[in-house]
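In: Output the structure for:
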Amino acid sequence: QVQLVESGGGLVQPGDSLRLSCTGSGYSFKDYDMGWFRQAPGKEREFLAVISRTGGRTNYEDSVKNRFTISRDNDKRVMYLQMNSLKPEDTAVYYCAIESTIGGLRRRPDEYDYWGQGTQVTVSS
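Out: From the prediction side, this is the model:
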């Protein structure tokens, strides 16, 4: 079955960097666009970034565009989110997800087919 596993979260200080990973299994990895979302306590799940099947196209939420970078390695079946200049407001559970719509780069959570279990990122001094 489809499985997505996030890793790389943790407790960091403001201004630090983190790289999250999302490893996929149980499906044809290269046939899905992949996205990163986050959800803070009491808030809705928020789109961060999406990357196309080949990695050639990306799209970001404006609030993270200049700090976060999404990438993928189809040979390794892994997607990444490099997060720089982290702020306390970046504290949340971070999720990866996949969706199969051709011509997508979707931004709404309900457009995604499968989700990981999430990894906690806490930014605090």
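In: any chance you could map the strands in the chain?
Out: Ranges of strands within the chain are 3-7, 10-12, 18-25, 33-39, 46-51, 58-60, 68-73, 78-83, 92-99, 114-115, 119-123, based on DSSP state E.
In: could you dump those strands to a markdown table with mean neighbour count?
Out: Backbone N, C-alpha and C define where each C-beta goes, glycine included. Below are the strands of the chain laid out as a markdown table (neighbours: other Cβ atoms under 10 Å):
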| stretch | mean neighbour count |
| --- | --- |
| strand 3-7 | 17 |
| strand 10-12 | 14 |
| strand 18-25 | 19 |
| strand 33-39 | 24 |
| strand 46-51 | 22 |
| strand 58-60 | 18 |
| strand 68-73 | 18 |
| strand 78-83 | 22 |
| strand 92-99 | 23 |
| strand 114-115 | 17 |
| strand 119-123 | 18 |
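In: Mean pLDDT added to those, as CSV?
Out: Formatted as CSV, the strands of the chain follow (pLDDT from 0 to 100):
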stretch, mean pLDDT
strand 3-7, 98
strand 10-12, 98
strand 18-25, 98
strand 33-39, 98
strand 46-51, 98
strand 58-60, 97
strand 68-73, 98
strand 78-83, 98
strand 92-99, 98
strand 114-115, 98
strand 119-123, 98
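In: any chance of these in TSV, with distance to R107 too?
Out: Shown next, in TSV, are those (distance: least, Cβ to Cβ, whole Å):
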stretch	distance to R107
strand 3-7	18
strand 10-12	26
strand 18-25	17
strand 33-39	8
strand 46-51	4
strand 58-60	7
strand 68-73	13
strand 78-83	15
strand 92-99	10
strand 114-115	15
strand 119-123	20
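In: And those: which comes nearest R106?
Out: With Cβ to Cβ as the measure, strand 92-99 is the member of those nearest R106 (5.5 Å).
In: how many neighbours does S125 have?
Out: Applying other Cβ atoms under 10 Å, we find 7 residues neighbouring S125.
In: Same question for D110.
Out: Count around D110 with other Cβ under 10 Å applied: 7.
In: looking at it, L81 is touching F68, isn't it?
Out: Yes. Between L81 and F68 there is a contact at 6.0 Å, judged by Cβ atoms under 8 Å.
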